[in-house]
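> sequence unknown, structure follows:
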């Protein structure tokens, strides 16, 4: 038995492409005492992982070349030397891009059986938790307020917008195609959506936000952040979740004009967060989200690639805005 | 009897200079029913007033040309048609740059007699209140934390730094001359101070902040903000109080690089405020500050010009960083 792995062969200095990755085959790992062997069933990829490849100014330490590309998996325990973790149990684990991985018992999290296991990488995983704590803890939405979400059809954004609707807000999504915009308004209940690639984007965004913005949930940074800043209402909140416009480049843009002046004049709070800081409250969030999903108020979206070898393409395409909802790579049944 | 006024003759499009102002003499105003005639004793000027002349993106509506330059005064009531406001009472009022002004009773605030009346424009006025609410409400200082203040010898900054010392913090001031830096460390108890005009500023600032920054109290924006951003500790707070580096120019700089990426990675909160939002808590703040001033823990600084006709020069010089503490223009005894 052998294990397939996708490794980083060089770090990108500008745009990421397939040449930065390679597949290799290595002997199957064996679990030691207190360890389990995990069979990867599905992987997810997120824009934040591109930040991790940047090396500098990132919360994730830069990987060295020659190592397995990182990432969260949902997996089945195929062999166990750990008490309480039986063969066949479903877990999430930081396996990265490979068929099998060995983990210490403390590094895996048992997930509820039933339903699509990949949901544990999306709405009940980091994406859903990020949406939940960012919106409710930092954004503090109140019924009737105006919420704008960038990368609104993305893995986090599509959940944020639906949660803001559940909170009684008026929700504007910003996305990268007319098709995504229709999906947001027709299927997910957003009040309106604006395509940032439209030649009339500035005017369309102004029109969509003519009453001002109470909460801007920022997944992108860059130009959309600049536009939102100028339309924030006094005492508005900008939730800084990600900077997808700046990850896949060697030359990040300067910060938006008007910082800090507009923050002062309009008494705006702009705050960054990482979901890991909320680990002791994941249970609370998952309980709420399960309620919403099961009652049909929250529709989690995922789009899928099939086969471990597709992981680089799935990742690169996502960085170019190709995904709708959580991007999943199915590796095994 | 006549009244001297300094009026704005044209709005600056780039740097402000004396040609934007003119003095005129008009008949003495007379108080109507419920009004008082106020004799200006002293005026203060602050960098925020330059923002008011910008017209756009400012909390203060742009004045038209031909109007009296605005500003807060401490004044003596010389004639009164208002119940409860006797001749001789000391008040603060929005008189602007003139010898006399008529106000409705509701527009003046009686101040405590005793001591230098000009203190009501400094430590017990907007400057002190701004320092207090910005530092304690937004900054949330805890003993042992590292606090950095820009424009640290300025009207707000010199109070912020001393309050942070009272809260048990380690305090670094950033100021525009070696003389100011010595004043901060030798007279006001700052732990260290860095001259941003030094050719080695970047290195000196890095050294002064080698343990990271918990709270950055930003009066300047621009390059100092950019430098502080890169040195913020996780969960640090940036208190956005003013943008003095950007007021006196027609061409404001772009925002600092790393926004919003650094805010996300380090979970930083960056928040703007205006002191007027705290009006119902001014009493609380003044009580504390009187205690500190009277016990010698807080030394309010002011520097002075003499004569109404000096107001434009006092203002322009302050925008160039000429002031130490609160800049006061003495108009009458």
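Yep, that arrived. Keep in mind that this is a model prediction, so the values were computed, not measured.
> any low-confidence regions in the stretch 201-333 of chain A?
Along the stretch 201-333 of chain A, the model assigns pLDDT under 70 to residues A:250.
> residues from it in reach of chain B?
Counting by Cβ under 8 Å from any Cβ of the partner chain, the stretch 201-333 of chain A comes close to chain B at A:218, A:221, A:225, A:238, A:240-243, A:246, A:252, A:254-274, A:277. Placement of C-beta: from N, CA and C, glycine included.
> residue contacts, the closest residue to chain B within chain A?
Closest approach between chain A and chain B, counting by Cβ to the nearest Cβ: residue A:255, at 2.9 Å. Residue A:255 makes contacts with B:254-260, as judged by Cβ atoms under 8 Å, 6 or more residues apart in numbering or on different chains.
> Which of those residues sits closest to residue B:198?
Closest approach to residue B:198 among the contacts of residue A:255 (Cβ to Cβ): residue B:256, at 19.9 Å.
> contacting residues around that closest one?
A:254-255, A:259, B:222, B:225-226, B:229.
> let's see it at 7 Å
In this structure, residue B:256 makes contact with A:255, B:225-226, B:229, judged by Cβ atoms under 7 Å, 6 or more residues apart in numbering or on different chains.
> cool, residue A:92 as well?
Residues counted as contacts of residue A:92 (Cβ under 7 Å, 6+ apart) are A:72-74, A:109, A:111, A:120, A:125.
> Of those residues - the most surrounded one?
residue A:74 (27 neighbours; other Cβ atoms under 10 Å in any protein chain shown).
> Kindly provide the distance from it to residue A:49.
For residue A:74, the distance to residue A:49 equals 16 Å [Cβ to Cβ, to the nearest Å].
> got the contact list for the residue nearest to residue A:145 when sequence neighbours are not counted?
Distances taken as Cβ to Cβ, 6 or more residues apart in numbering or on different chains put residue A:214 closest to residue A:145, at 3.8 Å, once the chain neighbours are dropped. Shown in contact with residue A:214 (Cβ under 7 Å, 6+ apart): A:145-147, A:233, A:236.
> Turn those residues into a markdown table, columns for neighbour count, secondary structure and distance to residue A:5.
Below are the contacts of residue A:214 laid out as a markdown table (neighbours: other Cβ atoms under 10 Å in any protein chain shown; DSSP: H, G, I helix; E, B strand; the rest coil; distance: Cβ to Cβ, whole Å):
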| residue | neighbour count | secondary structure | distance to residue A:5 |
| --- | --- | --- | --- |
| A:145 | 21 | coil | 47 |
| A:146 | 24 | strand | 47 |
| A:147 | 27 | strand | 41 |
| A:233 | 17 | strand | 50 |
| A:236 | 24 | strand | 46 |
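> Can you tell me which of these is closest to residue B:34?
residue A:233 (35.0 Å).
> how about the closest residue to that closest one other than its chain neighbours, what does it touch?
Nearest residue to residue A:233, sequence neighbours excluded (Cβ to Cβ, 6+ apart): residue A:212, at 3.9 Å. Shown in contact with residue A:212 (Cβ under 7 Å, 6+ apart): A:146, A:231-233.
> Name the residues that touch the lengthiest helix in chain A?
Using DSSP state H to assign secondary structure, the helix with the most residues in chain A is helix A:282-294. Residues from elsewhere that reach helix A:282-294 (Cβ under 7 Å, 6+ apart): A:123-124, A:128-129, A:132-133, A:166, A:298, A:300.
> what's the answer for stretch A:108-120, then?
The list of residues contacting stretch A:108-120 from outside it, by Cβ under 7 Å, 6+ apart, reads A:36, A:38, A:41-42, A:74, A:89-93, A:300, A:302, A:328.
> In a markdown table, list these along with secondary structure.
Listed next are the contacts of stretch A:108-120 as a markdown table, based on DSSP: H, G, I helix; E, B strand; the rest coil:
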| residue | secondary structure |
| --- | --- |
| A:36 | strand |
| A:38 | strand |
| A:41 | strand |
| A:42 | strand |
| A:74 | strand |
| A:89 | coil |
| A:90 | strand |
| A:91 | strand |
| A:92 | strand |
| A:93 | strand |
| A:300 | coil |
| A:302 | strand |
| A:328 | strand |
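> For those residues, pick the one with the most neighbours.
That'd be residue A:38 among the contacts of stretch A:108-120, by other Cβ under 10 Å, with 32 neighbours.
> ok, which stretches of chain A are helices?
Remark: helices assigned in chain A by DSSP H are A:48-52, A:126-133, A:157-166, A:178-182, A:201-208, A:222-229, A:244-247, A:261-265, A:282-294, A:311-319.
> and residue A:32, how far is that from residue A:85?
According to Cβ to Cβ, residue A:32 and residue A:85 sit 14 Å apart.
> These two: which is more packed in?
A direct count of neighbours by other Cβ under 10 Å for residue A:32 and residue A:85 places residue A:85 higher, at 19 against 10.
> on that earlier part again, which of the contacts of residue A:214 lies closest to residue B:159?
For these, the nearest to residue B:159 is residue A:236 (28.0 Å; Cβ to Cβ).
> doesn't residue A:267 make contact with that closest one?
No - Residue A:236 is beyond contact range of residue A:267, at 8.2 Å (criterion: Cβ atoms under 7 Å).
> The closest residue to residue A:22 other than its chain neighbours and residue A:40: what is the separation?
Leaving aside its chain neighbours, residue A:22 sits nearest to residue A:9 (4.8 Å; criterion: Cβ to Cβ, 6+ apart). Note on residue A:9: its distance to residue A:40, by Cβ to Cβ, is 21 Å.
> Those two: who's more crowded?
Neighbours of residue A:9 and residue A:40, each counted by other Cβ under 10 Å, are more numerous for residue A:40; the result is 25 against 12.
> In the beta-sheet assignment, what are the partners of the more buried one?
Residues in a beta bridge with residue A:40, per DSSP bridges, are residue A:75.
> What distance do you get for residue A:26 to residue B:69?
Applying Cβ to Cβ, the value for residue A:26 to residue B:69 is 76 Å.
> So the two - more neighbours on which side?
Between residue A:26 and residue B:69, counted using other Cβ under 10 Å, the more crowded position is residue B:69 (22 against 13).
> ok, back up a step: and the longest helix of chain A, which residues are buried?
For helix A:282-294, the neighbour count (16 or more other Cβ atoms under 10 Å in any protein chain shown) marks A:282, A:285-286, A:288-290, A:292-293 as buried.
> For PyMOL, write the select line for the buried members of the contacts of residue B:256.
Per 16+ other Cβ under 10 Å, the buried members of these correspond to this PyMOL selection:
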select buried, (chain A and resi 255) or (chain B and resi 225+226+229)
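> Out of the contacts of residue B:256, which comes closest to residue B:201?
For these, the nearest to residue B:201 is residue B:226 (11.9 Å; Cβ to Cβ).
> who are the neighbours in contact with the closest one?
Counting by Cβ under 7 Å, 6+ apart, the residues that residue B:226 touches are B:256-257.
> can we see that at 6 Å?
Contacts for residue B:226 (Cβ atoms under 6 Å, 6 or more residues apart in numbering or on different chains) come out as residue B:256.
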